[in-house]
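Participant: Could you work out the structure for the sequence below:
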Amino acid sequence: MVPGRETAYQVVIVGGGYGGQAAAHELAKLGLAHKALLVDRRGRAGYPAASTSGIASFWLKKLGFPPVESSVSSPINSFRIFIPGDAPEKKRILNNTNLLAGDLGFVLNEDDFLGRLERFSLSKGLTAWHSCAVEDVVRSDGGYHVAVRDGKTVRLVTTRWVLDAGGYDARVSRKFGIVRELEPESFHMGFEQTIEENAVLPKDQVGMWIGSTSPAGYIWDFPCSFKGRPARRVGIGTPISVKDEAGRTIATKTFFNRWLKQNPRYDTKPLQREGGIIPTYRPPRTLHAGRVLSIGDSARLCDPVTGGGIHQALASGVMAARTVAEGQPDHYEPLVRPYTKEMRARWAMKQTILSMSDADLRQFFTWFCEFPMPEGDFNPYTVRRDLLRFVRKKGFRPIKTLWKAGRLWKALAG
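Facilitator: This next block holds a predicted model:
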């Protein structure tokens, strides 16, 4: 292609993360990869990593992405929840004996997993431009003009479809009115560092610290591997709206440093560091405008409670590709409705959690660990609904909690 001259594709995929690569992979399976262009800011698929990359086994099986051994950084077989005020001997462990049947999930090697998806798509004719960025998308007769920045050169592309998997910034989706700018409480500043395995938790266990340790957010400890050695990914996410007693905005790293002092076994020399934005807002009910479809974090399909977004990105990428194959933009919303509906429900759940004191959280998660989980593979969405019914019977009153905190109407807006 001659720089500056227009090139035509039927589909342009903005972003090469989980959502973008899933869309390209599905187009390849449908025989349409040769008509698609993927534009990715990173120099190669999945590198450098942009996610902790934990995902439930259920979703990998359901969506048709079973990982090979090289794509798995670590298995996840249990969770441990830490809440301020817990007695030292208190262990809230969610595992295959009291919560989960079989393995819970995996931490993926992002570059290997996404690299495999892209290599398959390339073998079927996909065009991928790395180290490039979409600068603008403009409507044209019968389609769209896309301006792609490649170093000092701007490449012009015409296309019929634009799939926006560009991440939290959602520049394309915002331009076409699909989503809006996030409010300060609705996105977290994330900071993560990889450290040597420290044996604080079992090698296949995830730790989560919630409550006043990380106000309105969470601290995590995920098992992983680093250059073939066992390691841990330890990080924090808090909204930028969090302030101290004097009303001053507190940097996320301040909370993290406080936590490190309380947990000195984590305060070791990092092997690598990374950070980014985690959107924790509810997705809109309509995720397309014309033939522009919004995917993954661009569509706000990120769990408002945990910040997790990989399975939603993979699912919406697959559904966007199928929508392209059908040629009917209106078909996209019904395909992704199970995910948008669940994330909107979790937005209401987030408001409830933000309304709870540390004491409330300790009681809630005590009941949580008593919940009898089904055996075998199960749908986490179904389990979430059953769990809430269970804790209500135990005495949990979410409406009362929300009302006292002044968050009821915000929760109902979900």
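Participant: quick one, what contacts Gly16?
Facilitator: Taking CB atoms under 8 Å, 6 or more residues apart in numbering, we find Gly16 in contact with 38-42, 45-46, 114, 118, 128, 130, 165. Heads up, the C-betas are built off the backbone N, CA and C, glycines and all.
Participant: For it, which non-adjacent residue is closest in space?
Facilitator: Asp40 (2.9 Å; CB to CB, 6 or more residues apart in numbering).
Participant: Mark which of the contacts of Gly16 are part of helices, please.
Facilitator: 114, 118 (DSSP state H).
Participant: who does Arg44 bridge with?
Facilitator: Tyr47 (DSSP bridges).
Participant: gap between it and Gln21?
Facilitator: 12 Å (CB to CB, to the nearest Å).
Participant: what do you get for Val391?
Facilitator: Taken as CB to CB, the span from Val391 to Gln21 is 37 Å.
Participant: Give me the pLDDT value at Lys203.
Facilitator: With respect to pLDDT, Lys203 scores 89.
Participant: in what helix or strand does the residue nearest to it when sequence neighbours are not counted lie?
Facilitator: Spatial nearest neighbour of Lys203, chain neighbours left out: Pro223 (5.5 Å); criterion: CB to CB, 6+ apart. Per DSSP states H and E, Pro223 falls inside strand 218-226.
Participant: Return the list of helices and strands in contact with that strand.
Facilitator: Under the contact criterion of 3 or more CB pairs under 8 Å, 6 or more residues apart in numbering; DSSP states H and E, strand 218-226 touches strand 72-76, strand 105-108, strand 205-209, strand 229-239, helix 252-262.
Participant: and these as a markdown table, adding mean neighbour count and distance to Ala313?
Facilitator: Shown next, in a markdown table, are the helices and strands packed on strand 218-226 (neighbours: other CB atoms under 10 Å; distance: least, CB to CB, whole Å):
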| stretch | mean neighbour count | distance to Ala313 |
| --- | --- | --- |
| strand 72-76 | 21 | 18 |
| strand 105-108 | 23 | 12 |
| strand 205-209 | 21 | 20 |
| strand 229-239 | 22 | 17 |
| helix 252-262 | 16 | 23 |
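Participant: between the ones you listed, which gets nearest to Thr366?
Facilitator: Thr366 lies closest, by CB to CB, to one member of these: strand 205-209, at 15.1 Å.
Participant: So the residue nearest to Lys203 versus Asp204, what's the distance?
Facilitator: Where Asp204 is concerned, Pro223 sits at a distance of 6 Å (CB to CB).
Participant: now swap in Val234 and tell me
Facilitator: Taken as CB to CB, the span from Val234 to Asp204 is 16 Å.
Participant: Check Gln363 too.
Facilitator: To Asp204, Gln363 is 28 Å away according to CB to CB.
Participant: residues touching the residue sitting nearest the centre point of the chain, list them.
Facilitator: For the chain, Gly309 is the residue whose C-alpha lies nearest the centre (CA atoms, centre = their mean; 1.8 Å). Counting by CB under 8 Å, 6+ apart, Gly309 makes contact with 18, 51, 278-279, 296-297, 301-303.
Participant: all helices for the protein, in order.
Facilitator: Going by DSSP H, the chain shows helices at 18-29, 57-63, 110-123, 171-175, 252-262, 310-326, 332-354, 358-370, 380-394, 398-405, 408-412.
Participant: Just say which of those helices is most tucked in.
Facilitator: Of all the helices of the chain, helix 18-29 carries the top mean neighbour count, a mean of 29, counting by mean count of other CB atoms under 10 Å.
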